[in-house]
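K.L.:
My questions concern the predicted model and sequence given below.
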Amino acid sequence: QQPVQSPQAVILREGEDAVINCSSSKALYSVHWYRQKHGEAPVFLMILLKGGEQKGHEKISASFNEKKQQSSLYLTASQLSYSGTYFCGTERPGGYQKVTFGTGTKLQVIP
Amino acid sequence: EAQVTQNPRYLITVTGKKLTVTCSQNMNHEYMSWYRQDPGLGLRQIYYSMNVEVTDKGDVPEGYKVSRKEKRNFPLILESPSPNQTSLYFCASRGLAGGTNEKLFFGSGTQLSVL
């Protein structure tokens, strides 16, 4: 079952912040985050593990609330290069490393 | 350079004509997987493989076959393609030796059109 992402789409002006949420109805072991530019392959941003700490990557960070089976991706002081579609991928305990992706959040940063 | 290589990049075919999309990785990864991407549906898993000769269905396996005879290769086979298989396909691999905190490496994608 695919995790649910929200919002589906968001438009930001340069310098603004955004939060993208990912939630699952099942217990999770880890959450992956990837960004995809149009027509290209998804690019890895970070992985959050159950029991792990909040991760950061430049001005992009994420948290994982394993009790609520939710993860959030935080984009701070957005840049034009942040535009793209963001996918969360979830991995369940004992799930044989199978990663299931959400439907994506399309982010557009405008000048 | 560590990479996942998919071929072809673009493919146009007709209904019923068998085709194979190849995927190869040079990182000695145990785990490999195929996804299809359709507008509004995200990335949906077709099949995955934990190691040589070990494959399992993902969420949308109907109409597809895979094989894992060698660790580096994981071809996707469409025995009788239909128009609803028109999609963007991605192969991905992942190392398991370091535990489950390994990221997925994606190929560059195959845009398939079935007429």
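P.N.:
Alright, I've got the coordinates.

K.L.:
which residues of chain B score low on pLDDT?
P.N.:
B:97-101 (pLDDT under 70).

K.L.:
Go through it and flag its longest strand.
P.N.:
In chain B, with assignment by DSSP state E, the single longest strand is strand B:42-51.

K.L.:
So which elements touch the helix or strand that that strand is followed by?
P.N.:
Toward the C-terminus, strand B:42-51 is succeeded by strand B:54-57 as the next helix or strand (DSSP states H and E). With contacts taken as 3 or more Cβ pairs under 8 Å, 6 or more residues apart in numbering or on different chains; DSSP states H and E, strand B:54-57 sits against strand B:42-51. All C-beta atoms are positioned from the backbone trio N, CA, C, and that covers glycine.

K.L.:
residues making contact with the strand it packs on?
P.N.:
Strand B:42-51 has contacts (Cβ atoms under 8 Å, 6 or more residues apart in numbering or on different chains) with A:2, A:42, A:87, A:89, A:96-104, B:30-38, B:55-61, B:64, B:66, B:68, B:71, B:74, B:76, B:89-90, B:96.

K.L.:
Let's see that strand as PDB, backbone CA atoms only.
P.N.:
Taking C-alpha atoms only, strand B:42-51 is exported to PDB below (Å, rounded to 0.1, in the frame of the first residue of the first chain):
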ATOM      1  CA  GLY B  42       4.000   8.000  -8.500                       C
ATOM      2  CA  LEU B  43       6.500   5.100  -8.700                       C
ATOM      3  CA  ARG B  44       4.900   1.700  -8.400                       C
ATOM      4  CA  GLN B  45       6.900  -1.400  -7.900                       C
ATOM      5  CA  ILE B  46       6.600  -4.200 -10.500                       C
ATOM      6  CA  TYR B  47       9.100  -6.800  -9.300                       C
ATOM      7  CA  TYR B  48      12.100  -7.000  -7.100                       C
ATOM      8  CA  SER B  49      14.900  -9.400  -6.400                       C
ATOM      9  CA  MET B  50      16.800 -10.000  -3.200                       C
ATOM     10  CA  ASN B  51      19.600 -11.900  -4.900                       C
END
